[in-house]
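give me a 3D structure for the following:
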Amino acid sequence: MVDKITPATLAERIDADEQFALIDTRPEDSYEAWHVPDAANVPFDPDEGLSEDQLNQVNALVDGRPVVAICGKGLTSTPFAFALEEHGYDDTSVVTGGMEAWSTVYETVPIETRNDDLVVRQLQRRAKGCLGYVVGSKQAEEAVVVDVTRQTDEFAVAAQDAGLAITRVLDTHVHADHLSGGPALADEIGVPYHLGEAARERGVEYEYDPLSDGEVVELGDVEIEALHTPGHTTEMTNYLVDDELLLTGDTLFLDSVGRTELQFGEADAARGAELLYDSLHETVLDHPGDAKVLPGHLSVANDGRYETGSPGEPHVARLGDLRATLDLLGLDRERFVEQLAENAPEKPPNYERVIAINTGKATLDEGEATELELGPNNCAA
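Got it, this is the predicted structure:
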């Protein structure tokens, strides 16, 4: 019998280290670009059916274990599972929605704070490595949400579960790797949407309330200070929460810093790197070493594994530890600029279209969102 499981169930089974054979039926190039951890590739065309070679490959992979099949949307994995059933496989499941649905799996992770009134939840978008935040005050029963993805319900539910009402929506910058859900969520619940004041330079066409450098948002006794940190983009804004936490967006990650050529272009990437160096050394690293860094992304490899940490665990580090361990932070200005300008990694897919939509210069076509966001983020240098 062929069963159906949700992507969330697949994540739970992976985390529980259950023994099963995960088989990805997409074409090899799609599989190589991005897949679930430990998935094996058996490309399958329903029109051609299951060949003897493919069956032998499956037999070698399965070794008596249950089979879980996944593809892009469920269109090839389902007939693949039925074909296996015809060959005697009686414990086979299909992941509903395939990789498209896998890209919407989230974990909501509490972040410890010194201030008992301060509530912080880190929302991890597992397949892409996007990190967003709910930051609130227990006493005020209010929260802001930061770097909301298009799965806005995840943020609304996280705030509600913490007993908080969302009163503002903030983005750290105009994102290039995923579609922001910030404007839509703010409009839906009727609260202000904020970007850094320098977003005017990006020609953002939808309405937002600009936050200037040093401006403070208050949630009861909790203070959130906007820090203009250009480099990854000109309008990049970090948020200092209660002098304890630094929400660094794409300025500083736990294993790297933000790349600069996505906005500035190849020819002007050095200018962005110069701005980023100054933002890091004159603003971010100027804070005490025990400040906790909460970045806007974590690195996810093409095989779906986290480069640092594990899904469902807090993705956070002391600023002092990052000063000591990140080689890029120890470079002088000239070497830092050279490193970022001359060694840019592969660009995120569809990034120009994503930026155009996130600035309001282009309209999202129906059904386009999932295709634009497929694959892990690639915003680190």
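
next up, identify which helix or strand Gly163 is on.
Secondary structure from DSSP states H and E places Gly163 outside every helix and strand.

show me the contacts for the nearest residue to it once chain neighbours are set aside.
In space, Gly163 comes closest to Glu141 once its chain neighbours are excluded; the distance is 6.2 Å by C-beta to C-beta, 6 or more residues apart in numbering. All C-beta spots, glycine's among them, are computed from the backbone N, C-alpha and C. Glu141 makes contact with 163-165 under the criterion C-beta atoms under 8 Å, 6 or more residues apart in numbering.

in the stretch 101-250 of the chain, which spans are helices?
152-161, 182-189 (DSSP state H, counting those that start in this stretch).

quick one: the first one to helix 182-189, angle?
This points to helix 152-161. 60 degrees (axes from the mean of the first three to the mean of the last three C-alpha atoms, to 10 degrees).

which elements pack onto helix 152-161?
strand 106-110, strand 118-125, strand 130-137, strand 142-146, strand 165-170, helix 182-189 (3 or more C-beta pairs under 8 Å, 6 or more residues apart in numbering; DSSP states H and E).

the inter-axis angle of it versus strand 165-170?
Counting by the same axes, to 10 degrees, helix 152-161 lies at 140 degrees to strand 165-170.

need the residues that contact helix 152-161.
106, 108, 121, 123, 132, 134, 136, 143, 145, 148-149, 165-166, 181, 184-185, 188-189.

write the ChimeraX selection for whichever of these are buried.
To isolate in ChimeraX the members of the contacts of helix 152-161 that are buried, counting by 16 or more other C-beta atoms under 10 Å, one can use:
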select :106,108,121,123,132,134,136,143,145,148,149,166,181,184,185
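
separation between the residue nearest to Gly163 and Asp153?
Shown here: Glu141 relative to Asp153, a distance of 20 Å by C-beta to C-beta, to the nearest Å.

of all the contacts of Glu141, which comes closest to Leu374?
Nearest to Leu374 out of these is Leu164 (C-beta to C-beta; 32.0 Å).

surely that closest one and Val119 touch.
Yes - contact criterion C-beta atoms under 8 Å: Leu164 and Val119 qualify, at 6.5 Å.

so what sits against both of those two?
Between them, Leu164 and Val119 share the contacting residues 134, 136-137, 143, judged by C-beta under 8 Å, 6+ apart.

with the residues you listed in mind, which one is nearest to Arg333?
Checking the shared contacts of Leu164 and Val119 one by one against Arg333 (C-beta to C-beta), the nearest turns out to be Val134, at 36.2 Å.

which residue is the nearest non-sequential neighbour of that closest one?
Arg121 (4.2 Å).

ok, that neighbour - contacts?
Taking C-beta under 8 Å, 6+ apart, we find Arg121 in contact with 108-111, 133-134, 158-159, 162.

in which helix or strand does the closest residue to Val2 other than its chain neighbours reside?
Excluding its sequence neighbours, the residue lying closest to Val2 (C-beta to C-beta, 6+ apart) is Ala81, at 4.5 Å. Assigned by DSSP H and E, Ala81 belongs to helix 77-86.

what pLDDT, on average, does the following helix or strand past that helix get?
Per DSSP H and E, the first helix or strand lying C-terminal to helix 77-86 is strand 92-95. Strand 92-95 carries an average pLDDT of 96.

which ones are touching Asp91?
66-67.

could you check how far it is from Ala81?
In terms of C-beta to C-beta, Asp91 sits 10 Å off from Ala81.

which neighbours do those two share?
With C-beta under 8 Å, 6+ apart, Asp91 and Ala81 have common neighbours Val67.

can you classify the closest residue in space to Asp321 that isn't next to it in sequence as helix, strand or coil?
Distance criterion C-beta to C-beta, 6+ apart; nearest residue to Asp321, sequence neighbours excluded, is Gly289 at 7.8 Å. Under DSSP: H, G, I helix; E, B strand; the rest coil, Gly289 falls in the coil class.

domain assignment for the chain?
2-102, 106-373 (automatic domain parsing).

so can I have CSV of those showing distance to Ala381?
Shown next, in CSV, are the domains of the chain (distance: least, C-beta to C-beta, whole Å):
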stretch, distance to Ala381
domain 2-102, 20
domain 106-373, 5
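
mind checking how far the nearest residue to Gly203 once chain neighbours are set aside is from Tyr208?
Nearest non-adjacent residue to Gly203, counting by C-beta to C-beta, 6+ apart: Thr359, 6.1 Å away. To Tyr208, Thr359 is 11 Å away according to C-beta to C-beta.

from what I can see Lys361 touches Gly203, true?
Yes - contact between Lys361 and Gly203 holds when scored by C-beta under 8 Å: they sit 6.9 Å apart.

just to revisit the earlier point, of all the helices and strands packed on helix 152-161, which one is nearest Thr325?
Closest approach to Thr325 among the helices and strands packed on helix 152-161 (C-beta to C-beta): strand 130-137, 19.3 Å.

what's the angle from that closest one to helix 182-189?
40 degrees.

just the C-alphas of strand 130-137, formatted as PDB.
The C-alpha atoms that make up strand 130-137 are tabulated as PDB, following Å, rounded to 0.1, in the frame of the first residue of the first chain:
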ATOM      1  CA  CYS A 130      16.000  31.600   6.100                       C
ATOM      2  CA  LEU A 131      15.800  32.800   9.700                       C
ATOM      3  CA  GLY A 132      13.100  35.200  10.900                       C
ATOM      4  CA  TYR A 133      12.200  36.400  14.400                       C
ATOM      5  CA  VAL A 134       9.400  37.200  16.800                       C
ATOM      6  CA  VAL A 135      10.600  39.700  19.400                       C
ATOM      7  CA  GLY A 136       8.300  40.700  22.100                       C
ATOM      8  CA  SER A 137       7.500  41.800  25.700                       C
END
